[in-house]
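Structure here, sequence nowhere to be found:
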Ligand SMILES: C=C(O[C@@H]1C=C(C(=O)O)C=C[C@H]1O)C(=O)O
């Protein structure tokens, strides 16, 4: 493992992180304008296959052990960090990566910082140039391998399997594809996501961009948190119908069922690491610009010194994006989805030298290839009462952030 030199320096408030990003290789983790932007790459590690997350956790320990870190700021996100994105499936063709940026610009409410990272000598301390965002990165996204009709059929097949008691829940996705013009500035699509969905985690790593409302896991100083989302409804068209939609969601037996599977999968995976981990008794309704979601916050204290990456490995894939029981749900996904999900619904986030980190479930996302090809996926949790047409409409609403960002 190369020996990284790392130095964090406090700096004046630098304003929006977006103009600092590289147009073609943006690196970002941000919520409500706060977070980290990366420029350049000091180290890139790639992983594939069933042990991709465990391999990344082990590799990260070796990177940390070999690094020399000077970090007088000592806040979450300062010092040595890697941004990461993992493929959903162990069979995925797409690589999972940890990227250690060469320069990180970070900001929280009260503090901004610059971290320089290099294998040899550190570069002089300079603020990366701020460049105005280019014209909109427009791509028309159309159905890919799974048409709307084929998606309804797949949902119908899944409902039959569930009613035959083969499994309890499966999350089925469909795909949209499009093409960006040459030289498109990805930062405008990322900016649209960040502006439209300020309470979500907006990310950009290795061409994978999105704005996720769902925390897979957060680790800070021995505490673990997660926000489970499952169960969705369209927003109303006026205040009264919007309230009705939220109330209907909060009392829908179908959605509460779907949600409970997701909460139980997270609690079961975390319990070995945090025996006292708990979720709120009832889910709350989380309001996003495009949807209502049923949400539960989970909290616990870690007893075994697990790092954020260890817990990512323990949690992925949750029932919010795979189903219950997990192996049967994954097998049905493989059978009914005629595509590789890539990093969609996989873990995306960052890990620090002390193992702290924040990871989201990479929904509301799109992968941009080297030739500007865009692939996006959105899915819905299917249970015995699911109606194919309604699930199709739900995926349409879930595509909205990405479709509008490229629109
Ligand atoms: C699968 C997606 O979202 C997940 C599924 C949800 C549901 O089925 O209600 C809600 C939030 C996410 O956990 C997606 O956005 O593609």
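The structure has been received and is ready for your questions. Every value quoted in this text rests on a predicted model; they were computed, and no experiment measured them.

right, and residue 380 touches residue 395 too?
Yes. Residue 380 is within contact range of residue 395, at 5.5 Å (criterion: C-beta atoms under 8 Å). Glycine gets a C-beta too; all of them are placed from N, C-alpha and C.

Now do the contacts for the most centrally placed residue in the chain.
Geometric centre of the chain, nearest residue: residue 362, 2.6 Å, by C-alpha atoms, centre = their mean. Residue 362 sits next to 85, 203, 208, 210, 212, 343, 344, 345, 346, 347, 348 when contact means C-beta atoms under 8 Å, 6 or more residues apart in numbering.

what separates it from residue 180, distance-wise?
Distance from residue 362 to residue 180, counting by C-beta to C-beta, to the nearest Å: 19 Å.

got it, and residue 57?
Distance from residue 57 to residue 180, counting by C-beta to C-beta: 34 Å.

same thing with residue 168?
Residue 168 is 39 Å from residue 180, by C-beta to C-beta.

Quick check: bridge partners of the residue of the stretch 51-200 of the chain found nearest the ligand?
The ligand sits closest to residue 171 of the stretch 51-200 of the chain, with a gap of 5.2 Å, by C-beta to the nearest ligand atom. With DSSP bridges applied, residue 171 shows beta-bridge pairing to residue 381.

Which positions in the stretch 101-250 of the chain make contact with the ligand?
Contact residues, the stretch 101-250 of the chain versus the ligand (C-beta under 6 Å from any ligand atom): 171, 173, 214, 229, 230, 231, 232.

Secondary structure, neighbour count and pLDDT for those - can I get that in CSV?
Below are these laid out as CSV (DSSP: H, G, I helix; E, B strand; the rest coil; neighbours: other C-beta atoms under 10 Å; pLDDT from 0 to 100):
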residue, secondary structure, neighbour count, pLDDT
171, strand, 27, 98
173, strand, 24, 98
214, coil, 25, 96
229, strand, 25, 95
230, strand, 28, 93
231, strand, 27, 94
232, strand, 23, 95
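
Now for these: which two are most distant?
173 and 231 (16.5 Å; C-beta to C-beta).

Helices of the chain, residue ranges please.
With helices called from DSSP state H, the chain shows them at 52-66, 148-163, 186-196, 239-250, 253-270, 308-315, 326-336, 388-405.

now these in JSON lines, with mean pLDDT?
Formatted as JSON lines, these follow (pLDDT from 0 to 100):
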{"stretch": "helix 52-66", "mean pLDDT": "98"}
{"stretch": "helix 148-163", "mean pLDDT": "98"}
{"stretch": "helix 186-196", "mean pLDDT": "95"}
{"stretch": "helix 239-250", "mean pLDDT": "97"}
{"stretch": "helix 253-270", "mean pLDDT": "95"}
{"stretch": "helix 308-315", "mean pLDDT": "98"}
{"stretch": "helix 326-336", "mean pLDDT": "98"}
{"stretch": "helix 388-405", "mean pLDDT": "97"}
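
Off-centre distance for stretch 333-344?
Centroid separation for stretch 333-344 versus its chain: 17 Å, with C-alpha atoms, centre = their mean, to the nearest Å.

Okay, now that stretch: how far is its last residue from its first?
This stretch, stretch 333-344, spans 13 Å end to end (C-alpha to C-alpha, to the nearest Å).

Which positions in that stretch come out as buried?
333, 336, 337, 340, 341, 342, 343, 344 (16 or more other C-beta atoms under 10 Å).

just to revisit the earlier point, surely the residue of the stretch 51-200 of the chain closest to the ligand is in contact with residue 378?
No. With contact defined as C-beta under 8 Å, residue 171 does not count as touching residue 378 (10.3 Å).

so who does the nearest residue to residue 325 once chain neighbours are set aside touch?
Excluding the flanking residues, the one nearest residue 325 by C-beta to C-beta, 6 or more residues apart in numbering is residue 167, at 6.3 Å. Going by C-beta under 8 Å, 6+ apart, residue 167 touches 161, 323, 324, 325, 328, 329, 332.

and what of residue 185?
With C-beta under 8 Å, 6+ apart, residue 185 has these contacts: 23, 133, 134, 135, 137.

Scan those residues and report the most crowded one.
residue 137 (26 neighbours; other C-beta atoms under 10 Å).
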